[in-house]
Every structure is written in C-alpha cells, then in structure tokens.
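J.: Compute the structure for the input listed below.
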Amino acid sequence: MFEDLSPLLARIRERQDVAGVFALLWLAEFEGERSLKGGRRRRREGRRDQQLRRWLQDPASFAQVEALRKRVGLVAPDGEDLTWLFEQVTYWLLVCGAEPIDET
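T.: The predicted model follows:
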C-alpha cells in the first residue's frame, strides 16, 4: 500500500456524492473495527494508521456526510433509501474519534 495516503484521502474528501460517503464509510468501518478489537494496542501504529485516524477524526468527515444528506436527502435520486448509510457512517466516525479506555 502507499506510504502516504494523502492523495487518496484528498480524492475521497473531494467527492461530494454517495460514492464518496461510501468510501468514507468503508475506511471508518475498517479503522473502527480495528480499534474496537484493540488493534491499536497490540501493535505500534505506523504513519499510515495515524494519518488515516487523523483524517477520519477531522470535522470535515462529518461535514462531508452532512453536506450530502442535506443535498440529496434520505432517498437517493435512484430511489434507494440512504438512511442506513448516514447512520452507519456516523456511528463508525464516532467510534474512530473515541479514545480507547485504559484498562490498566
């Protein structure tokens, strides 16, 4: 994989459509599940991991989702109900932004 994720993350952020929010969901779910499983504690985070986490925690992630929701609404032009998409991406972004509980 790329050493620097900036170009990929910038392209996703520029997307102001359903595909962009789906990409955001995929990354947030990936990172969120890893966090919930304790992946960050088991291994040292590399530069890409830190870069992805910071990008997901950026308020622009929530703004991207909210902008699409306001522009498109809960139903896509093709008639698909997008409620689940907005709920899922919001959930995973919150998981990514939460601090892990120190159980020591």
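
J.: Which pLDDT value goes with the spatially most central residue of the chain?
T.: Central residue of the chain (Cα atoms, centre = their mean): residue 28, 3.1 Å from the mean position. The score at residue 28 is 94. That number is its pLDDT.

J.: how about the nearest residue to it, chain neighbours excluded?
T.: Nearest non-adjacent residue to residue 28, counting by Cβ to Cβ, 6 or more residues apart in numbering: residue 92, 3.7 Å away. Where you see a C-beta, it was placed from the backbone N, CA and C, and this is true even at glycine.

J.: Okay, now the unreliable bits of this protein?
T.: Low-confidence segments of the chain (pLDDT under 70): 1-2, 39-45, 98-104.

J.: can you give me the helices in it?
T.: Secondary structure of the chain (DSSP state H): helices at 6-14, 18-36, 39-42, 47-57, 59-72, 83-97.

J.: if we can go back for a sec, the residue nearest to residue 28 contacts residue 32, doesn't it?
T.: Yes: contact criterion Cβ atoms under 8 Å: residue 92 and residue 32 qualify, at 4.3 Å.

J.: The two: which has the busier surroundings?
T.: residue 92 (24 against 20; other Cβ atoms under 10 Å).

J.: residue contacts, that one?
T.: Neighbouring residues of residue 92 by Cβ atoms under 8 Å, 6 or more residues apart in numbering: 25, 28-29, 31-32.

J.: Now tabulate the residues you listed in a markdown table and tack on distance to residue 52.
T.: Shown next, in a markdown table, are these (distance: Cβ to Cβ, whole Å):
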| residue | distance to residue 52 |
| --- | --- |
| 25 | 14 |
| 28 | 9 |
| 29 | 12 |
| 31 | 6 |
| 32 | 11 |
